[in-house]
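# need the 3D shape of this:
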Amino acid sequence: MYHREGKRTQDRKIESKKGASLVIVVCVSAFLVAFALAMVYTAGMMLAQANKRLKQERCYQMAKSFAQVLDEELARYQSPQDAKDNGGQDSFYRFACKFLEMKTYQNYSPDFSDTVYYYTAGESPAGEGHGEIEIALYKENDLPDGKIAGNSRFTDNPPEIVTGGAGVAHHTFTIKVTARLDGVNYTYSTSYNQRATYAPDAVTFKDKNGNYVYWKDSGWENNAGAPYVPEDSSAEVFTYEITPFQSEAELDKLTGCGFTKIIPEKGESGASGGEETGP
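Residues are numbered from 1 along each chain as shown. Predicted coordinates for the structure are as follows:
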């Protein structure tokens, strides 16, 4: 009798140990499964982040490359007429001149979205499956009251500040190229100073008394068409104003238009660069 009870007790101890071992095995297995799942999740997160960084880099390269193409287009011609004569009638350069000079395109205001113009680059400009490109343009008049106006000293030569030489700087021109790919985007922004020269008949001149004067082929004339003779030629200063063009045909009066980048790129010097905006 005692022997049977002792055997039962021993069997229960063995079963108890087996049960405890099974619990430990289950716990260890659960831990290993959880650890494996955590490793898979971590690897998935790292892969997802790597894929996102790769898309960001692709977007950056696309936006920057497209901005550089537009930069080369702006340097291709010297005037709208030069563009027209050399196959650039529909060029980005000529459109930029029109955008800056025509009254129909308003000066930028952060309160009005319609002062930012979106220029189409066509469908899939970077190639099929390589994302989308959006080009946003806006202009800011750098002169007081938004007018293209100033002073010009009397000389026996055409007024250089308007019709020759360095021209007049009156607009800051900003181009923002945004590349989008699978929910990721990058914007590359470049700003330019524009310097323009105009034909004499595009400019309104007045003498110190407010009377209109005109530059003709070889000298100044008054309203009556007679030669204009100032009281003191060394002290005579004209005021001038250029009215924004009403039609594209008037672009022929823009005799020169050049663009200079405002912010230097990394590794470059002078006013020749691009400003980068992250995703």
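
# wait, isn't Phe238 in contact with Lys206?
Yes - the pair Phe238 / Lys206 is scored as a contact, 6.4 Å apart, by C-beta atoms under 8 Å. For every residue, glycine as well, the C-beta is placed using N, CA and C.

# now the common contact residues for those two.
Val213 (C-beta atoms under 8 Å, 6 or more residues apart in numbering).

# those two: which is more packed in?
It is Phe238, of Phe238 and Lys206, that has more neighbours when counted by other C-beta atoms under 10 Å, with 21 against 13.

# now do the phi/psi pair for the more buried one.
Dihedral pair for Phe238: phi -90, psi 150, per degrees, to the nearest 10.

# ok, now which ones touch it?
For Phe238, the contact set (C-beta under 8 Å, 6+ apart) comprises 151-154, 159, 205-207, 213.

# what distance do you get for the closest residue to Leu181 other than its chain neighbours to Trp215?
Sequence neighbours aside, Gly131 is the residue nearest to Leu181 in space, at 3.5 Å (criterion: C-beta to C-beta, 6 or more residues apart in numbering). Separation of Gly131 from Trp215 (C-beta to C-beta, to the nearest Å): 51 Å.

# just the C-alpha atoms of stretch 166-176, please, in PDB.
Output of stretch 166-176 as PDB, limited to C-alpha atoms (Å, rounded to 0.1, in the frame of the first residue of the first chain):
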ATOM      1  CA  ALA A 166      23.200  97.600 -68.200                       C
ATOM      2  CA  GLY A 167      19.500  98.400 -68.500                       C
ATOM      3  CA  VAL A 168      17.000  98.600 -65.700                       C
ATOM      4  CA  ALA A 169      16.500  96.000 -63.000                       C
ATOM      5  CA  HIS A 170      12.900  96.000 -61.800                       C
ATOM      6  CA  HIS A 171      11.700  92.400 -61.200                       C
ATOM      7  CA  THR A 172      12.700  89.500 -59.000                       C
ATOM      8  CA  PHE A 173      11.700  86.300 -60.900                       C
ATOM      9  CA  THR A 174      11.300  83.100 -59.000                       C
ATOM     10  CA  ILE A 175      11.000  79.600 -60.400                       C
ATOM     11  CA  LYS A 176      10.000  76.700 -58.300                       C
END
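
# re the thing from before, now do the residue nearest to Leu181 against Tyr60, distance only.
Separation of Gly131 from Tyr60 (C-beta to C-beta): 11 Å.

# so what sits against both of those two?
Here Gly131 and Tyr60 share the contacting residues Ala179, scored by C-beta under 8 Å, 6+ apart.

# just checking, Ala149 touches Thr243?
No - look at Ala149 against Thr243 with C-beta under 8 Å: they stay out of range, at 9.9 Å.

# who's more crowded, those two?
Higher neighbour count among Ala149 and Thr243: Ala149, with 17 against 13, using other C-beta under 10 Å.

# any idea how far the residue nearest to Leu181 is from Ala179?
Distance, Gly131 to Ala179, using C-beta to C-beta: 6 Å.
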